[in-house]
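>>> Give me a 3D structure for the following:
(2 chains)
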Amino acid sequence: MSHVKKFVARNAVPILFAIVCLLGVYYAKMPGQFLFMEIVKRMARNSFLVLSLIIPVVAGMGLNFGIVLGALAGQIALILSTHWEWAGIGGLALTALLATPMAVVFGMLAGTVLNKAKGREMITSMVMGFFANGIYQFVFLFLVGTVIPFENEALRISTSPGLRNTVNLSRIRGALDNIWTIQYGFTKIPIVTFLIIALLAIAIWAFFKTKLGQDFRAVGQDRHIAGVAGIQTDRNRVLAIVFSTVLAAWGQIIFLQNIGTLNTYNSHEQVGTFAIAALLIGGASVTRATIGQALMGTFLFHLLFVVSPSAGQAIFGSAQVGEYFRVFVAYGIIAISLALHAWRSKSLVKASMEEDVSA
Amino acid sequence: MSVPVLEMKAISKSFYGNQVLNNINLTVNKGEIHCLVGENGAGKSTLMNILFGMSVITDTGGYDGDILINGSSVAFNSPKAAIEAGIGMVHQEFMLLPGFTVTENIKLNREDTKPNVFSRVLGRKMETLNRKKMASDARSALDKLGMSIDEWVPVAGLPVGYLQFVEIAREIDKENLQLLVLDEPTAVLTESEAEQFLTVVQRLADSGISILFITHRLDEVMAVANHITILKDGELVRSGRTGEFTIAQMAELMVGRKVETSGRISSEKREKAKTKVLEVRDLAVDMPGERLRGIDLDVYEGEILGIGGLAGHGKIALANGVMGLYTSRGQVRYQGIDVPLNNPREALNLGLAFVSEDRRGVGLVLEDSIANNIVLTSMQTQEKFLKPGPLKLKDQKQITAHALESIERFDIRCTGPEQIVRRLSGGNQQKVCIARAFTQNPKLLFVSEPTRGIDVGAKSRVLELIVELNRMGVTVVITSSELAELRSISDRIAIIYEGKLSGILAPDAPDVEYGLLMAGKSLEEVGIGERQTN
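The predicted structure is shown next:
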């Protein structure tokens, strides 16, 4: 009995979310085939990005919006690769390679800033994302075509400065997904993409078994104690962010090769919010995140995405209302999960006191 | 005789012109247990920080004197250097990661690793942890201490007593350990745990490791020490073999200090009513670093009750607990009415007033005027200084008048009632706090550390003010780290030790008795016998 209770208490958020999803599935009355197809597509698209968040959480830097910077690095590389007309899986790999040094530099900058804002990483990284977005827009909306010569019909309209609003990524669309697919009903399952996600999951798991991973965990639990033991805390924190931005850059490239078009000024904006939302829904907290939680969260979050318009149509007679409802429910549950985390850490203090007094 | 493991010669240290250590000499021989005894602020921590190369020392201009390890001169500029030289330290607060297992904690940053494919390319940091080797090392360290706990349990669920042993296991797992510094290790242990702990310490010393043992428990000192050094106010009072001291002597040397000649302000004997104003029963307060673990105490009408004790033992938590500022349990009755705990508003409504030890954090709204600070609590809880009507507008005229009167009465040196309190000196800020408490017209006033951080002149004025309030019929409970100050104005002084009431003394009780109570010895135990104090 107490085991069940403990399990429910520990996984309150994913369970709550799963119930909402099941209700949605029930009311949406979608064909199973379609549901399966949508979920497979979205899992392939998003899992990598969500997984990139785990390392900074474990290293004690909270749910880090710094991945927006990584996503920007990925997009910049994609813009360049489109310009140079790189194509196919080779082009995609080259693009990822091109994004890496940029992501490393962004990560180092972000990590340095976050080291100056210890304990306030979440809000700092969020604002940093906005700031980076500003610079990104300045470069690609204003400088390109005025200061930076950049003549390319696919990317620019010659009559005004700046890149096009949407860039067609036809050369690399599906480059990864379509290498090897297995047809299941209507659904084409992109095997290689899932293999890469599995590889990343294994790599993260193995990483935390190494010396560096152990250092990250120690720093994440208590900077002071780790520092006294001789671990270079600041350096480790920067490294954690660099890992995360690099993974996010790759994740964004995988995401966009699946979508096939780049929304030049918007694609990166919701990367942070969506990934963090998915992780929280999976039952992670500001201080704890596992691979299972990341994948489970991605699944649930996107399941709700898929079913909510139809469910809205069935319940309220309007898909639009269903959409509003989804946003309301999804972020409401996230707010609850953050509040639960705060409440739990508070009750922990109380419990330790009870123990102490009775001892 | 062989070369001593550690010699500290003529160590002096000052922080910003303030001498905190003066010409300290300390020698620790191989396999010896050397006890370092002294009040808080005596300089023990500073001395250990110097030995350990902590940044608080190096960043403030270093120290004077020499440190010799095994006869050769060293100067550590980081804890890492000290650790490499074979010095281990068990800190007062636990340096354990709660989410890590016992093994992971013991091996923290000294993990055994084995190479893998990636580490050959990316370097040693990517080597896989050798968990088997780590576990067997941890096991053998735990065995040396006689600990049977599983090496793979997370530290988070372990009883407090075990944590200390895990810390020591971590230190003795370091192969080159020569000198182990134990900073008040038994403070958190129960009696039986402490006993076991001392056996282990003895065993370590027998195996050739030298121990520098900092503690307040004088009976422990007598039980295990080979050599004792007593510090007071940054000076070495006495150092010698254990046989040269008795517990009473140590206590006296530790706290003995001339009571300031300014004399007891409340020297005249007051007729004390025997009515209890406040009854505290089994009060536990979860104040970080100052935890109170269940205390029974009565406060009588019209008295000044002093609360004393060493830092970290919970004396500060009493007032904070009663006033509802920290999570508490237990029972508090004020004039026969139950005071709801964890509810500052209710405590204020009942007419309790509090001058907090955290003057700038809790005591004052720093960016607001003197006048507003003085009336704030009364305005909020008693609806004073408000214009009649449903809107509860401030009555500025009345506020100013009252502020002017308070400035006069409490001798607050300022440019006027509208001056921002941040600009005031510490002493005058404290007077504003007292004025605010007085404005509440309280029957019972808690004052915590009223003279902390203020200059000497203002100190005596603040104490005088408290006595004046008391003469006007306010019962006062004053908490202070300065024993002399408590003894100069209190009628009775309660000493708190490890979150419990150690005893109550008269202000003119001898130094020895204060020393013993602050070190956790009951008076009967050493044969002095409790004095009748009320």
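
>>> how many neighbours does the residue nearest to B:Leu341 when sequence neighbours are not counted have?
Take B:Leu341 and drop its neighbours on the chain: the residue closest to it by CB to CB, 6 or more residues apart in numbering or on different chains is B:Ser328, 4.6 Å away. Where you see a C-beta, it was placed from the backbone N, CA and C, and this is true even at glycine. A count of neighbours around B:Ser328, defined by other CB atoms under 10 Å in any protein chain shown, yields 22.

>>> Can you spell out which residues form a bridge with B:Ser328?
B:Val285 (DSSP bridges).

>>> Contacts only, for it.
Applying CB atoms under 8 Å, 6 or more residues apart in numbering or on different chains, we find B:Ser328 in contact with B:283-286, B:292, B:321-322, B:341-342.

>>> Per-residue pLDDT of it, please?
Here the pLDDT value assigned to B:Ser328 is 91.

>>> and if you look at B:Leu523?
B:Leu523 is assigned a predicted lDDT (pLDDT) of 68.

>>> Also B:Glu268?
Listed pLDDT for B:Glu268 reads 46.

>>> try B:Arg281
pLDDT recorded at B:Arg281 is 93.

>>> next one: phi and psi at it?
Dihedral angles of B:Arg281 (phi, psi; degrees, to the nearest 10) stand at phi -130, psi 120.

>>> related to what we said a few turns ago, can you tell me which of the contacts of B:Ser328 are buried?
For those, a burial check counting by 16 or more other CB atoms under 10 Å in any protein chain shown picks out B:283-286, B:292, B:321-322, B:341.

>>> Would you mind checking the average pLDDT for stretch B:287-306?
88.

>>> what's the offset of that stretch from the middle of its chain?
Chain-centre distance of stretch B:287-306: 15 Å, with CA atoms, centre = their mean, to the nearest Å.

>>> For it, buried residues please.
Result for stretch B:287-306 [16+ other CB under 10 Å]: buried residues B:287, B:290-295, B:297, B:299-306.

>>> before we move on, what about stretch A:100-111?
The neighbour-count check on stretch A:100-111 (16+ other CB under 10 Å) flags A:100, A:102-104, A:106-107, A:109-111 as buried.

>>> Among the residues you listed, name the ones in strands.
Assignment to strands by DSSP state E places none of the buried residues of stretch A:100-111 there.

>>> nearest to B:Val477, of those?
The closest of the buried residues of stretch A:100-111 to B:Val477 turns out to be A:Gly111 (CB to CB; 49.7 Å).

>>> how about the nearest residue to the closest one, chain neighbours excluded?
Nearest to A:Gly111 is A:Val238, by CB to CB, 6+ apart, at 3.2 Å.

>>> what about the one you found, how many neighbours?
A:Val238 has 22 nearby residues by other CB under 10 Å.

>>> who touches it in this structure?
Residues in contact with A:Val238 (CB under 8 Å, 6+ apart) are A:107-108, A:111-112, A:115.

>>> export the residues you listed to CSV and tack on distance to A:Val8 and pLDDT?
CSV is the format used below for the contacts of A:Val238 (distance: CB to CB, whole Å; pLDDT from 0 to 100):
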residue, distance to A:Val8, pLDDT
A:Gly107, 38, 94
A:Met108, 42, 95
A:Gly111, 37, 93
A:Thr112, 42, 93
A:Asn115, 38, 91
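
>>> Can you tell me which of these is nearest A:Ala87?
Scanning the contacts of A:Val238 for proximity to A:Ala87, where the rule is CB to CB, the winner is A:Gly107, at 28.2 Å.

>>> domain assignment for chain B?
B:1-86+B:176-245, B:96-175, B:276-526 (automatic domain parsing).

>>> How far does stretch B:227-236 sit from its chain's centre?
Distance, stretch centre to chain centre, for stretch B:227-236: 18 Å (CA atoms, centre = their mean).

>>> where does the chain dip in pLDDT?
Looking at chain A here, since you left the chain open. For chain A, the stretches flagged by pLDDT under 70 are A:1, A:346-359.

>>> wait, chain B
Low-confidence segments of chain B (pLDDT under 70): B:1, B:17, B:40-41, B:187-188, B:256-273, B:455-457, B:523-534.

>>> need the residues of it near chain A, please.
Neighbours of chain A within chain B, by CB under 8 Å from any CB of the partner chain: B:79-80, B:83, B:91, B:95-100, B:104, B:108-109, B:111, B:113, B:116, B:119, B:124-129, B:159-160, B:190, B:284, B:286, B:291, B:293-294, B:327, B:329.

>>> Take these and keep only those in helices.
Using DSSP state H, the subset of those located in helices is B:79-80, B:83, B:104, B:119, B:160.

>>> now the residue nearest to B:Leu341: how far from A:Leu16?
B:Ser328 sits at a distance of 34 Å from A:Leu16 (criterion: CB to CB, to the nearest Å).

>>> Any chance of the buried ones among the contacts of B:Ser328 in a markdown table with distance to A:Ser158 as columns?
Converted to a markdown table, those look like this (distance: CB to CB, whole Å):
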| residue | distance to A:Ser158 |
| --- | --- |
| B:Leu283 | 79 |
| B:Ala284 | 76 |
| B:Val285 | 74 |
| B:Asp286 | 69 |
| B:Leu292 | 76 |
| B:Gly321 | 74 |
| B:Val322 | 77 |
| B:Leu341 | 74 |
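
>>> just these now: which is nearest A:Ala44?
Looking across those and measuring by CB to CB, the closest to A:Ala44 is B:Asp286, at 49.1 Å.

>>> Surely that closest one is in contact with B:Gly330?
No - counting by CB atoms under 8 Å, B:Asp286 stays clear of B:Gly330, with 11.4 Å between them.

>>> Let me know the closest of the contacts of A:Val238 to A:Ile157.
Nearest member of these to A:Ile157, counting by CB to CB, is A:Gly107, at 33.3 Å.

>>> All set now, cheers.
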